[in-house]
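*Asks:* structure of the sequence below:
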Amino acid sequence: MQIHHPVCIPGGPLHCSRCVPLLFALVTALAVIGPASYAQDCPQCNTDSILPTGEWLLTKHVTEVNVLFVAIHNGKPVDGLSHSDLAIQDNNKAPTAILGFRTERDLPLRVGVVIDTSNSVTSRFRFEQEAASAFLRQQVNRGDDLAFVMGFSDHPTVTQDFANDPGLLSKGVARLTIGGGTALYDAVYRGCQKLLHRPEQDVVARVLVVLTDGQNNAGVISLDDAIAAAQEAGVTIYAISTNYRPETTAERDMADSGNANLHKLSEQTGGRVLLPASPKDVEKAFAKIGEELRSRYAISYKPADFKPDGRYRKIKIEARKTGEKLEIRARKGYYARLASSLSSELPEEALNVASPPR
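*Replies:* Numbering: from 1, shown residues only. Sure, this is the predicted structure:
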């Protein structure tokens, strides 16, 4: 619907002195309408009805929640779902409108490959580098896909920023160097910042693939803060555990605690943990993640009774296909805020950026 406003023309039917009150009223009305509430990073909206695939609109001033999820049956991703197969609860209430729905294979990928480079990985690091490079070659294969490479020990270090060239990304993996402690949660937080603050013109699939033993003994960010950052940025975390065949009781205890951390990171953000038996199996774990990335769905909705009060709102998605209930993996919720709490930078002491050799 278009609204035609009278134009002030000197000597015309409306004198400019009469236009000033109208202009003031218009500005006041716009001030009342905005600013819009913020519910995650969701710029695509239509407040009336679902938009067909490929027709999500880039608009503002509308509260919207965007959720990526995968539906599983008998251990395998399920294709062919429609939004009518789903039941969504946001803060225990159904959304007021479904704004968009499509499969993630239609979405550009934004992937951060985050690799543990602490002292504990020395003996198996070559296998892990080769597997990560193979994953990037296989997954970043469309013109609109982008990935970055980050290593972490005492600090997260970006060795290759967003790129579409598998060769550049592989060189970023090769530039990773070993040494230091394990600032896992700082790396996750920083990865979420990078994904959130990169300007986008459309809905994208934001993913972190983290290769680590799950221990954290350095840095300034907590596990809960890392999870909250991922949920706020709409980032799904997939974790590949490097706790290969622990032998002693102490090793098993360390592996159990590390894997428990990885389960929390992934399950709260809609991802999963893979537990390869040896470094040689890491490539298979990456391949499973790649298969799942193109099998997920994206749904966008307007939550009922949304208030930007900073409180945590739970998300629950249920799905049925041919009468059978499916397993759904999606982020568990988000914080309702007027604006993102993720600053664009970590403190200088928490981040190193490696420059490529000239």
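*Asks:* low pLDDT regions in the stretch 151-300 of the chain?
*Replies:* For the stretch 151-300 of the chain, applying pLDDT under 70 flags no range at all.
*Asks:* now do the strands in it.
*Replies:* Assigned by DSSP state E, counting those that start in this stretch, the strands in the stretch 151-300 of the chain fall at 156-163, 205-212, 235-241, 273-274, 297-302.
*Asks:* from residue 65, how far off is the residue nearest the centre of the chain?
*Replies:* Closest to where the C-alpha atoms of the chain average out (CA atoms, centre = their mean) is residue 235, at 1.5 Å. Distance, residue 235 to residue 65, by CB to CB, to the nearest Å: 14 Å. Quick note: C-beta positions are derived from backbone N, CA and C, even for glycine.
*Asks:* and what of residue 82?
*Replies:* 19 Å.
*Asks:* the more surrounded of these two?
*Replies:* Taking neighbours as other CB atoms under 10 Å, residue 82 and residue 65 compare with residue 65 leading, 25 against 10.
*Asks:* from memory the more buried one sits against residue 314, does it?
*Replies:* No. At 11.6 Å, residue 65 does not count as touching residue 314 under the criterion of CB atoms under 8 Å.
*Asks:* mutual contacts of the two, please.
*Replies:* With contacts defined as CB atoms under 8 Å, 6 or more residues apart in numbering, the residues adjacent to both residue 65 and residue 314 are residue 90.
*Asks:* for residue 120, which non-adjacent residue is closest in space?
*Replies:* Ranked by CB to CB, 6 or more residues apart in numbering and with sequence neighbours excluded, the top spatial neighbour of residue 120 is residue 213, at 6.5 Å.
*Asks:* all strands for the stretch 1-150 of the chain, in order.
*Replies:* 65-73, 76-77, 86-90, 97-103, 109-116, 146-152.
*Asks:* of those strands, which is nearest residue 304?
*Replies:* Smallest distance to residue 304 across these (CB to CB): 6.9 Å, for strand 86-90.
*Asks:* from residue 327, how far out is residue 89?
*Replies:* Using CB to CB, residue 89 is found at 17 Å from residue 327.
*Asks:* returning to what we had before: now render the strands of the stretch 151-300 of the chain as JSON lines, adding distance to residue 283.
*Replies:* Shown next, in JSON lines, are these (distance: least, CB to CB, whole Å):
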{"stretch": "strand 156-163", "distance to residue 283": "20"}
{"stretch": "strand 205-212", "distance to residue 283": "11"}
{"stretch": "strand 235-241", "distance to residue 283": "10"}
{"stretch": "strand 273-274", "distance to residue 283": "11"}
{"stretch": "strand 297-302", "distance to residue 283": "26"}
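*Asks:* perfect, that will be all.
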